[in-house]
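J.: quick one, fold the following:
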Amino acid sequence: MTVEPASSAAPRSVPAPRTTAEPPAAPAPSPPGGRAAWLAWSVGVSVYVLAVIHRTSLGVAGLDAADRFGIGASALSTFSILQVLVYAAMQIPVGLLVDRFGPRRVLLLGVVLLSAGQLAFAFSSAFAPALASRAVLGCGDAMTFISVLRIAARWFPAARNPFVAQLTGLAGMGGNLITTVVLAQALHREGWTPTFTAISLLGVAVFALVALLLREAPDSGAGRPADRPAGDRDRDRDRDRPKVGRQVLACWREPGTRLGLWVHFTTQFPGNAFGLLWGLPYLVEAQGLTRAEAGGLLTLLVLSNMTFGFLFGRLLSATARARMPIVLTVVATTGLGWALVLAWPGGHPPLWLLAGIIVVMGSNGPASLVGLDYARARNPVERLGTASGIVNMGGFIGTMITLFGIGVLLDALSPDGAGGYSADAFRWAFCWQYVPLAVGLVMILRLRRKVGAAEA
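T.: Numbering: from 1, shown residues only. Model (predicted):
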């Protein structure tokens, strides 16, 4: 028998049954792009420009450093080698930090380390303290590029990321241009300590810019560390700690990550080693150019890099099929260009050939960013920072090997030490570049087949 409720009784709402299951997560919205995205990228990239200024400052001060600290080529190369070694060693930890804490915090820490390292370098009068300061600087430098790429990945649609990555490299070359044009002249006029102190103080303005203006993801983006309660972030970090090793291993097992690393290794180091340290001594001591003429050629390196960055960015945005042709063309052209320069009779190639190889080396940096495209295409977004860190180690490991090899060979071939490096000594020392170039090319061709098979 069914009992009807009294008509005067107010209907009662029945509470929905409680459940502990979370509703399925909505798909992440596509990054919006637009002016807000470019603003966020611009603030982030200002830190990268500052890092490149710090990184390349020794490239125009190598001869001054040799005089100030009374060192030869091997010891001089140690400055850049240690800086690059720290940079390379920090790439995976920085990638993990970016994945876990977000790029904004990592960028702020990077600015502090860059400024502290350069300030200590400004007041160093002995080799050991100066060496330690370059290590601190390398640690800060390591925190910049990956962070900017992560900001771009959150703000821009995936199809725009290759172009934005090339623009990031192009903007960094603006920092290199400041080094070769402004810093070289300031060092000549003002001296060591005032020049490097002024560079370190640039970090104060950049730190304020990032702290006040940087939004590392759109407001609708889920999962930003800064937007979530502290308790939730702490619980997530505790939960994720055991996964760090598995995340690195998963990235490494992906053939696209390894291919990206070897692409970065093989394409970046010739131009990097030349611009970071050995370009000015080679042009002045081996080729007899004045410092002004050598500075002009180093400026050409920067302008060439910026041009190729824009060109490669447009090509890669149009089609991913351009990746490997760009890489192989740059490797072949760089190898053939240096063969002509080093084989020139007497070791003194004409100015047009020196300018030609410098223009070719301008393609090295933009081509190395293709390696990051391989990693980005083959890894999920939650481990993108880690994968980018693995790839970004490649070129700097190659640079470190090249810097050290050239320095050791120069000292072995020139017993008189600093100031006594002949054109023949530089010619034979620069032949060392073909060792990492050959190794890298073999690994690219080997992994290219594996990635192609996986995609098929």
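J.: all helices of the stretch 251-400 of the chain, in order?
T.: Taking DSSP state H, counting those that start in this stretch to define them, one finds helices in the stretch 251-400 of the chain at 255-273, 279-281, 291-318, 323-343, 351-361, 364-368, 370-378, 384-413.
J.: out of the ones you listed, which gets nearest to His188?
T.: helix 291-318 (7.6 Å; Cβ to Cβ). Backbone N, C-alpha and C define where each C-beta goes, glycine included.
J.: and that closest one, which residues are buried?
T.: Within helix 291-318, the residues scored as buried using 16 or more other Cβ atoms under 10 Å are 294-295, 297-309, 312-313, 315-317.
J.: how about stretch 264-273?
T.: 264-273.
J.: measure the nearest residue to Pro129 once chain neighbours are set aside to Ser200 for me?
T.: Using Cβ to Cβ, 6 or more residues apart in numbering and skipping residues adjacent in sequence, the residue nearest Pro129 is Ala120, 6.8 Å away. For Ala120, the distance to Ser200 equals 9 Å [Cβ to Cβ, to the nearest Å].
J.: same deal with Gly309?
T.: Separation of Gly309 from Ser200 (Cβ to Cβ) stands at 27 Å.
J.: swap in Gly296?
T.: 27 Å.
J.: cool, Ile397 as well?
T.: Computed as Cβ to Cβ, the Ile397 to Ser200 distance reads 27 Å.
J.: repeat that for Ile71.
T.: Distance from Ile71 to Ser200, by Cβ to Cβ: 22 Å.
J.: do the same with Gly62
T.: Gly62 is 19 Å from Ser200, by Cβ to Cβ.
J.: with Gln268 instead?
T.: For Gln268 relative to Ser200 (Cβ to Cβ), the value is 26 Å.
J.: quick check, central residue of the protein?
T.: The C-alpha lying nearest the average C-alpha coordinate of the chain belongs to Phe145 (Cα atoms, centre = their mean; 4.8 Å).
J.: enumerate every residue touching the nearest residue to that one once chain neighbours are set aside.
T.: Closest residue to Phe145 apart from its sequence neighbours, by Cβ to Cβ, 6+ apart: Tyr48 at 5.8 Å. With contact taken as Cβ atoms under 8 Å, 6 or more residues apart in numbering, Tyr48 is in contact with 144-145, 148, 168, 171-172, 175.
J.: where does pLDDT dip in the stretch 151-300 of the chain?
T.: Scanning the stretch 151-300 of the chain for pLDDT under 70 picks out 220-242.
J.: quick one, strands of it?
T.: With DSSP state E, counting those that start in this stretch as the definition, the stretch 151-300 of the chain shows no strands.
J.: all helices of the stretch 101-250 of the chain, in order?
T.: Using DSSP H, counting those that start in this stretch, helices in the stretch 101-250 of the chain cover 103-123, 127-141, 145-155, 161-178, 184-190, 192-213, 230-240, 244-253.
J.: what does the fourth one contact?
T.: What it means is helix 161-178. 41, 45, 48-53, 56, 145, 148-149, 152-153, 156, 275, 299, 301-303, 305-306, 309-310, 312-314, 316-317, 365-366, 369, 372-373, 376.
J.: rerun at 7 Å
T.: Helix 161-178 has contacts (Cβ atoms under 7 Å, 6 or more residues apart in numbering) with 41, 45, 48-50, 52-53, 56, 148-149, 152-153, 156, 275, 299, 302, 305-306, 309-310, 312-314, 316-317, 365-366, 369, 372-373, 376.
J.: how far does that helix sit from the chain's center?
T.: Distance, stretch centre to chain centre, for helix 161-178: 10 Å (Cα atoms, centre = their mean, to the nearest Å).
J.: so the residue nearest to Phe145, which of the three states?
T.: Under DSSP: H, G, I helix; E, B strand; the rest coil, Tyr48 falls in the helix class.
J.: give the contact list for Leu97.
T.: Applying Cβ under 7 Å, 6+ apart, the residues near Leu97 are Val106.
J.: let's see that with 10 Å instead.
T.: 90, 103, 105-106, 109, 143, 146-147, 385-386, 389 (Cβ atoms under 10 Å, 6 or more residues apart in numbering).
J.: what do you get for Gly117?
T.: With contacts defined as Cβ under 10 Å, 6+ apart, Gly117 is in contact with 54, 83, 86, 132-141, 200, 203.
J.: distance check, it against Ile178.
T.: 18 Å.
J.: repeat that for Asn161.
T.: For Asn161, the distance to Ile178 - Cβ to Cβ - is 26 Å.
J.: try Ala429
T.: 29 Å.
J.: okay, the two: which has more neighbours?
T.: Comparing Ala429 with Ile178 by other Cβ atoms under 10 Å, the one with more neighbours is Ala429, at 25 against 20.
J.: test my guess that the more buried one contacts Val435.
T.: No: contact criterion Cβ atoms under 10 Å: Ala429 and Val435 do not qualify, at 12.0 Å.
J.: which neighbours do these two share?
T.: Common contact partners of Ala429 and Val435 (Cβ under 10 Å, 6+ apart): Gly405.
J.: ok, back up a step: does the residue nearest to Pro129 touch Ala132 like I think?
T.: Yes: contact criterion Cβ under 10 Å: Ala120 and Ala132 qualify, at 7.3 Å.
J.: looking at these two, which has the bigger crowd around it?
T.: Between Ala120 and Ala132, counted using other Cβ under 10 Å, Ala120 has the larger neighbour count: 18 against 15.
J.: and the more buried one, what is it in contact with?
T.: 129-130, 132-134, 136-137, 196, 200.
J.: again with Leu109
T.: 94, 97, 101, 139-140, 143, 147 are the contacts of Leu109 under Cβ under 10 Å, 6+ apart.
J.: returning to that earlier point: give me the buried entries from the contacts of Gly117.
T.: 54, 83, 86, 133-141, 200, 203.
J.: and the least confident of the residues you listed?
T.: Minimum pLDDT across those is recorded for Gln83, with 84.
J.: low pLDDT regions in the stretch 301-450 of the chain?
T.: Residues of the stretch 301-450 of the chain that meet the cut-off, pLDDT under 70, sit at 415-420.
J.: ok, now with 50
T.: Counting by pLDDT under 50, the stretch 301-450 of the chain contains low-confidence ranges at 418.
J.: distance-wise, check Arg427 relative to Val408.
T.: Per Cβ to Cβ, Arg427 is found 15 Å from Val408.
J.: out of those two, which sits in the more crowded spot?
T.: Using other Cβ under 10 Å, the more surrounded residue of Arg427 and Val408 is Arg427, with 20 against 15.
J.: wait, what's in contact with the more buried one?
T.: 282, 286, 341-344, 346-349, 413.
J.: same check on Val181?
T.: 60, 295-296, 298-299, 302.
J.: can we see that at 7 Å?
T.: Thr299 are the contacts of Val181 under Cβ under 7 Å, 6+ apart.
J.: for it, give its distance to Gly296.
T.: With Cβ to Cβ as the criterion, Val181 and Gly296 are 9 Å apart.
J.: same check, this time on Thr257
T.: Distance of Thr257 to Gly296, given as Cβ to Cβ: 39 Å.
J.: mind saving the C-alpha coords of stretch 396-411 as CSV?
T.: What follows is stretch 396-411, C-alpha atoms only, in CSV (Å, rounded to 0.1, in the frame of the first residue of the first chain):
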residue,chain,number,x,y,z
PHE,A,396,77.5,22.6,-23.9
ILE,A,397,79.2,19.2,-23.4
GLY,A,398,80.5,19.6,-27.0
THR,A,399,81.6,23.1,-26.3
MET,A,400,83.4,22.0,-23.1
ILE,A,401,85.3,19.3,-25.0
THR,A,402,86.3,21.7,-27.7
LEU,A,403,87.4,24.5,-25.4
PHE,A,404,89.6,22.1,-23.4
GLY,A,405,91.0,20.3,-26.5
ILE,A,406,92.0,23.6,-28.2
GLY,A,407,93.6,25.0,-25.0
VAL,A,408,95.7,21.9,-24.4
LEU,A,409,96.9,21.7,-28.0
LEU,A,410,97.8,25.4,-28.1
ASP,A,411,100.0,25.0,-25.0
